[in-house]
Structures are given as C-alpha cells and as structure tokens.
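Colleague: got a sequence here, can you model it:
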Amino acid sequence: MNYTEARAIVEALIFASPGPISQKRIGELMDLTSRTIESIVKDIQDKYRRDKSGIQIVFVAGGYEMATRPEFADYVSRLNVEVRQSLSRPALETLAIIAYRQPITRPELENIRGVRVDSVLNTLMERHLIRVSGRKKAPGRPALYSTTSAFLQWFGLSSLDELPPLAQASGSLLGILGSR
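Modeller: Numbering: from 1, shown residues only. So this is what the prediction gives:
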C-alpha cells in the first residue's frame, strides 16, 4: 500500500475505533512501525489544522481519538445528544484522592474523607473510572484502588502526569477534577 492509502486507513481506524486506539494496535492491524504511524497521524493532524476542520485527532488514554475542536464546544453542546451523567461531589472528591494517592485502600480513603465510601466506590467502578489493582500486604489484604484508562479518557488526559499539581487545588481536591 502507498502512503496516501495508509494515511486514509489510519484515519478510518481512528474514526471507527470505539475508544482511543494505540499505535501498537494500528501497527498490528496494518503492519506499520510506530515511527510511520506517528508520521501519518501528524500529517492528518496538520491537514485538519490547515483546513480549519471542526475535528481533530488527539492522544488520550494511551491512544488516538477523534474529537471536536474545543472552540466549537458551545455549538456541539447544543446538539440533542445523550450527555454522560455527571459525577457527584463525593464521587469527584473520592476520585481525586484515588488519582493522586493510587494505589489506595478503602480504609485509607475513608480516613482521608472522614466518611464511608462504599457507595461511591461502587459508582466509580460501575463507570469503569477505577479498578481493583491489587491487594495490600496488610491484615485482611484490603483491595487497592487505581484509576483506569477510562478515567484518563473522561478527563481528556493522555497520562496521570498531566494531572495538575496539588498546589493548584487551593485546598480543594474537588477543584482539581471538577473543572475538567
């Protein structure tokens, strides 16, 4: 296949993928190197920029995904589309603690929050924003909770390194994630 055809296939794969698609997966499907895939994606991104397109290709949660440009968010929000259910304040607070302290146990979370978190943990697990990532080597072997790639995708992050420093929270962990 020539470069033009490869570029069209990469674009189609990113468009059709139900979630972010990794370079590795594209490489497996097309038998291309990571370097070639990076070059192709950069070309597609440049073309969208040059054409002042309403869409873009972004790197989130370890893969490429098509998204609308932020400057058109007001118009896109007017669509009659199913909006993802927002998270409650307790869920956001718990999720922020997990994001910054992971892996963390339920008792540790409850100690920080000062309230029981069973229901909130269930909600976050149901939405696939957190997962049990292991067991702590302590009496009772409590479950350790960590964020997932769905968490990264939900907040538009490519990695946890993109979380803002805790100092920016102005004393409120909710402020960190609630604004995303």
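Colleague: which residues touch the lengthiest helix in the chain?
Modeller: If each helix of the chain is counted by residues according to DSSP state H, the longest one is helix 34-50. Taking C-beta atoms under 8 Å, 6 or more residues apart in numbering as the criterion, the residues outside helix 34-50 that touch it are 3, 6-7, 10-11, 14, 23-24, 26-27, 30, 32, 53, 55-57, 64. Placement of C-beta: from N, CA and C, glycine included.
Colleague: ok, now with 7 Å
Modeller: Outside helix 34-50, the residues within contact range by C-beta atoms under 7 Å, 6 or more residues apart in numbering are A6, R7, V10, E11, Q23, I26, G27, I55, Q56, I57, Y64.
Colleague: which of those residues sit farthest apart?
Modeller: Of all pairs drawn from those, the widest gap by C-beta to C-beta lies between G27 and I55 and measures 23.2 Å.
Colleague: from the contacts of helix 34-50, which is closest to E71?
Modeller: Q56 (10.4 Å).
Colleague: looks to me like that closest one is in a helix.
Modeller: No - counting by DSSP: H, G, I helix; E, B strand; the rest coil, Q56 is located in no helix; its state is strand.
Colleague: A16 versus that one, what's the distance?
Modeller: Applying C-beta to C-beta, to the nearest Å, one obtains 17 Å for the distance of Q56 from A16.
Colleague: if you count what's nearby, which of the two comes out ahead?
Modeller: Ranked by neighbour count (other C-beta atoms under 10 Å), Q56 and A16 place Q56 first, with 15 against 9.
Colleague: among the contacts of helix 34-50, name the buried ones.
Modeller: A6, R7, V10, E11, Q23, I26, I57, Y64 (16 or more other C-beta atoms under 10 Å).
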